[in-house]
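Q: Dropping the sequence and predicted coords here.
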Amino acid sequence: MMDLARIILLLAALLGVAGTFLPVLPGTPLIAVAALIYAWWSDFAVLTWPDIVILAVLAVVSYLGDFIFGVAGARRFGAGRYGMMGAMIGLLLGIPCFGPIGLLVGPIVGAAIGELIYGRHWRTALQAGIGAGVGTLVATISHFVIALVMFIYLCLQLFSA
């Protein structure tokens, strides 16, 4: 029975890794919650509270990175407050409106529109949009890497016990 539980945990963790690219899956929180359920199910025999805390912290860091990198990318390429707010709004609206491609397109368009609303030249607005896109791309890659680290950590814990 415990082997089935490990398989389910690993499948949930793989879905979490896929969730870093698919907006319908919660990604790293899925990995952390699946680990918590498994730990509870197994009376914390394999995964302990420190393991759960490590996974939860990594999940939170991955989501903070999404916002930090997106905004930092826009800012680095010259976006002002309107461009950065536009990038965040574009990220939130891009995913439901355009699916996975909206993860990248939303912040680009949002930052550019924000800068245009502020009255900036279209070239400056486009540059801010590209910066938001670069930041979002870096955030997605870092989110994926953290999810992969979480998956590997789980595998090490599960198969070294």
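A: Right, received. Where do you want to start?

Q: Would you point out the helix or strand in this structure whose mean pLDDT is lowest?
A: helix 81-98 (a mean of 86; mean pLDDT, DSSP states H and E).

Q: helices or strands up against it?
A: Helix 81-98 sits against helix 49-76, helix 102-118, helix 122-160, with contacts defined as 3 or more C-beta pairs under 8 Å, 6 or more residues apart in numbering; DSSP states H and E. Every C-beta, even on glycine, is put in place using the N, C-alpha and C of the backbone.

Q: now these in CSV, with mean neighbour count, mean pLDDT and distance to Met84?
A: Shown next, in CSV, are those (neighbours: other C-beta atoms under 10 Å; pLDDT from 0 to 100; distance: least, C-beta to C-beta, whole Å):
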stretch, mean neighbour count, mean pLDDT, distance to Met84
helix 49-76, 18, 88, 5
helix 102-118, 24, 90, 7
helix 122-160, 19, 92, 8
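
Q: Contact partners for the most centrally placed residue in the chain?
A: When C-alpha atoms, centre = their mean is applied to the chain, the residue found nearest the centroid is His143 (4.4 Å). His143 sits next to Thr20, Gly27, Thr28, Ser62, Tyr63, Gly65, Asp66 when contact means C-beta atoms under 8 Å, 6 or more residues apart in numbering.

Q: SS state for the first one?
A: Following DSSP: H, G, I helix; E, B strand; the rest coil, the label given to Thr20 is coil.

Q: and the gap between it and Pro107?
A: As defined by C-beta to C-beta, to the nearest Å, Thr20 lies at a distance of 16 Å from Pro107.
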